[in-house]
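Participant: Sequence and predicted model, in that order:
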Amino acid sequence: MCYYIYMNKIKVVSDKIKKSVFSVFKGKEDVVDMILCAIFAQGHVLLEDVPGTGKTVLAKALAKSIDMSFSRIQCTPDLMPSDITGNNIWLPAKQEFEFRKGPVMSSIVLVDELNRATPRTQSALLECMAENQVSVDGKVHPLEKPFFVIATENPVESEGTFPLPEAQKDRFMLSLSIGYPSVEEEIQIITAQNSLVHPVESVCAVVTKDEIIECMEEVVKIFVDDAVLSYLISLCNWTRTDDRILAGVSPRGSLSFYKACQAYAAIHGRDFVTPEDVKTMALPVFAYYMQKVYKDKRLGYNENAIFDLPSDYNPCKVDESGLDDLDDGEDIEEIFE
């Protein structure tokens, strides 16, 4: 009974955040669900979309809805690593150095237009995202807990940008695209701009830091049946063995996939993961790897390509009797349509 109450609490917390976000960000409930999954699963999110689709508004609304420290980093080619991590300042009066925290020392960090920063500066985020710490002049400084990075980038414009390193992209749990709003949603966006102050500035915190930490602790307890886990790993192994995919999902990626599915089940009020949860979370987790397939013109594939998982494909080499009941393990094209 107590565990059921916690599952309800996770759903209540996520619903409160979504209600707050949707007061200024119209539509795209699935995208907000995915971001909440990343937060509860202790991951990070990369938003890739054309300018003006609401990436920054969404990130700010989400951050302001949670009572945690927030900072924004606007990336430019002249941004230095110390501008992110902080540095030691010499104090003549005290005759000693004092560490001045950088913007990354917040719980929620919005990194706007990440691909405009140089590779050296981009790599400064690597240690932060991987180990929740920064090293300055040989001294380690722990970051806030929880720590969540939501980064945005414009995949269309290439002038003055630097492609993200492979190691950097692999640190993001989910890669998402907001897309253009519907006609009704765009009307709501326009009519909401009826003052000199942007509506996002009126968003107030609706959940506390302690509530988020409690949800994180409960998400890892979500039950995953062996058959569902085998299905999840089969999808990961498929990306590694299909010769059309240049580099498949890493073990870190499969672990992120697992955690994301747990979080998705939790925010929908369930204490167990279903095959539908796995299907739903597959594309956001796999998006980074699939993009490399789509961008390689030599392979001749695009976003509309169909990728079939053969019915006799069994990379896990386990008993598939449980998988037959899932009715999800044979075809993968629905996931990547």
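Facilitator: On my side now, so go ahead.

Participant: got the end-to-end distance for stretch 106-126?
Facilitator: For stretch 106-126, the first-to-last residue distance is 16 Å (C-alpha to C-alpha, to the nearest Å).

Participant: So what's the gap between that stretch and the chain middle?
Facilitator: Distance of stretch 106-126 from its chain centroid, counting by C-alpha atoms, centre = their mean, to the nearest Å, is 14 Å.

Participant: I'd say I84 and G102 touch.
Facilitator: Yes: between I84 and G102 a contact is recorded at 5.2 Å, counting by C-beta atoms under 8 Å. Using the backbone N, CA and C atoms, a C-beta is placed for each residue, glycine as well.

Participant: Name the residues of stretch 117-128 that are buried.
Facilitator: Under the neighbour-count criterion of 16 or more other C-beta atoms under 10 Å, stretch 117-128 has 117-118, 121-122, 124-125, 127-128 buried.

Participant: That stretch - what's its average pLDDT?
Facilitator: Per-residue pLDDT over stretch 117-128 has a mean of 84.

Participant: And for stretch 137-154?
Facilitator: 86.

Participant: end-to-end on it?
Facilitator: Counting by C-alpha to C-alpha, you get 33 Å between the two ends of stretch 137-154.

Participant: how about the helices of the stretch 101-250 of the chain, start to end?
Facilitator: Applying DSSP state H, counting those that start in this stretch to the stretch 101-250 of the chain gives helices spanning 119-131, 166-169, 183-192, 209-219, 226-241.

Participant: Nearest to Q42, out of these?
Facilitator: helix 209-219 (6.0 Å; C-beta to C-beta).

Participant: so what does that closest one touch, helix or strand wise?
Facilitator: Judged by 3 or more C-beta pairs under 8 Å, 6 or more residues apart in numbering; DSSP states H and E, helix 209-219 is in contact with helix 2-22, helix 29-40, strand 66-67, helix 251-267.

Participant: Which residues does the second one contact?
Facilitator: The one in question is helix 29-40. Contact partners of helix 29-40, identified using C-beta atoms under 8 Å, 6 or more residues apart in numbering, comprise 10, 14, 17-18, 21-22, 25, 43-45, 58, 62, 146, 148, 150, 173-174, 176, 178, 212, 215-216, 219, 260, 263-264, 266-267, 281, 284.

Participant: Surely R72 is in a strand?
Facilitator: Yes: assessed with DSSP: H, G, I helix; E, B strand; the rest coil, R72 lies in a strand.

Participant: Please renumber the chain so that the first residue is 32 from this point on.
Facilitator: With the count now opening at 32, the last piece we talked about shows up as R103.

Participant: For it, list each beta-bridge partner.
Facilitator: Beta-bridge partners recorded for R103 (DSSP bridges): L141.
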